[in-house]
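Enquirer: this is a predicted model, with the sequence first.
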Amino acid sequence: MTTAAILTAAGSGSRLGHALPKALVPVLGEPVVVHAARRLLAARPGGAPLAALVVSAPADHVDAFRALLGPDVVVVPGGPTRQASVAASLAALPDDGIDVVLVHDAARPFAPADLIERVAAAVRAGHDAVVPGLAVTDTIKRVGAGDDGWPVEATVARGELRAVQTPQGFARATLERAHAAAEQDAGDESVAASDDAGLVERLGLPVWVVPGDERAAKITTPRDLAVAVLLATDTKD
Ligand code: CTP
Ligand code: MG
């Protein structure tokens, strides 16, 4: 089997509130997307390096991304939602016998190689859709409608919950089918899927969870960026 990866990096990072798009924000002197691509390219899923890496960039930063990532990485303009950006990258993936596809958020730049390899291994073992997940430490309650307060409807049994990360791994045909089936939702943030496994679930197909890794934490807010500096030193290669 041959594995490739899609790196979604076309978001603006509105919650981070930086002047640059999130993927270009420097951490320890290098842009977030460079850290993310380096760790993907260092992984050896199935004992070999990735056969291809396709990165989505904000439309007005495509040239900057190409200069940062070099000639071996394919850079495409992203779309209005994460789902649309993944679909654009999927369309640019070479044929080349690639049958396993990892989809990773540049916003999780310090996902270590062993996590990347664990997800790919589960796909190779026969799970057509695989996500890494961490046990939840907070007590989670489902609430009803409200303005500045909400009535509790239920306390969700914590042992049944996993906080899901990327990279997510797929049999290529399953990922392509899931995106094709949801194509009409890709332009609208209110109905687009926030992760790719969600699209597979909409088809009624099974999704498998493997253990996640705290180092694959997502940069969303300025606080997360401060934590990312610590993670960068933790997984430096
Ligand atoms: N993403 C993308 N294309 C979009 C929106 C998001 O490729 N149109 C990517 C982001 O670059 C990021 C990942 O999807 O790597 C997860 O999205 P998120 O953390 O929400 O990033 P942003 O959308 O950039 O941030 P925000 O929602 O705060 O604006
Ligand atoms: Mg977003």
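Expert: Looks like it came in fine. Numbering: from 1, shown residues only. Ligands and ions are numbered 1, 2, ... in the order given.
Enquirer: closest residue of this protein to ligand 1?
Expert: Ranked by Cβ to the nearest ligand atom, the top residue of the chain for proximity to ligand 1 is residue 11, at 2.0 Å. Yep, even glycine has a C-beta here, placed from its N, CA and C like the rest.
Enquirer: ok but that residue is inside a helix, no?
Expert: No - counting by DSSP: H, G, I helix; E, B strand; the rest coil, residue 11 falls outside a helix, being coil.
Enquirer: skipping adjacent residues, who's closest to it in space?
Expert: Spatial nearest neighbour of residue 11, excluding adjacent residues (Cβ to Cβ, 6 or more residues apart in numbering): residue 22 at 5.8 Å.
Enquirer: quick one: buried residues of the worst-scoring helix or strand of the chain on mean pLDDT?
Expert: In the chain, no helix or strand scores lower on mean pLDDT, DSSP states H and E than helix 222-234, which sits at a mean of 87. Neighbour counts using 16 or more other Cβ atoms under 10 Å place 225, 228, 231, 232 of helix 222-234 among the buried residues.
Enquirer: export these as JSON lines, with columns for distance to ligand 1.
Expert: Below are the buried residues of helix 222-234 laid out as JSON lines (distance: Cβ to the nearest ligand atom, whole Å):
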{"residue": "225", "distance to ligand 1": "12"}
{"residue": "228", "distance to ligand 1": "12"}
{"residue": "231", "distance to ligand 1": "15"}
{"residue": "232", "distance to ligand 1": "16"}
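Enquirer: that older thread, what's the burial count for the residue of the chain closest to ligand 1?
Expert: If you count neighbours by other Cβ atoms under 10 Å, residue 11 ends up with 20.
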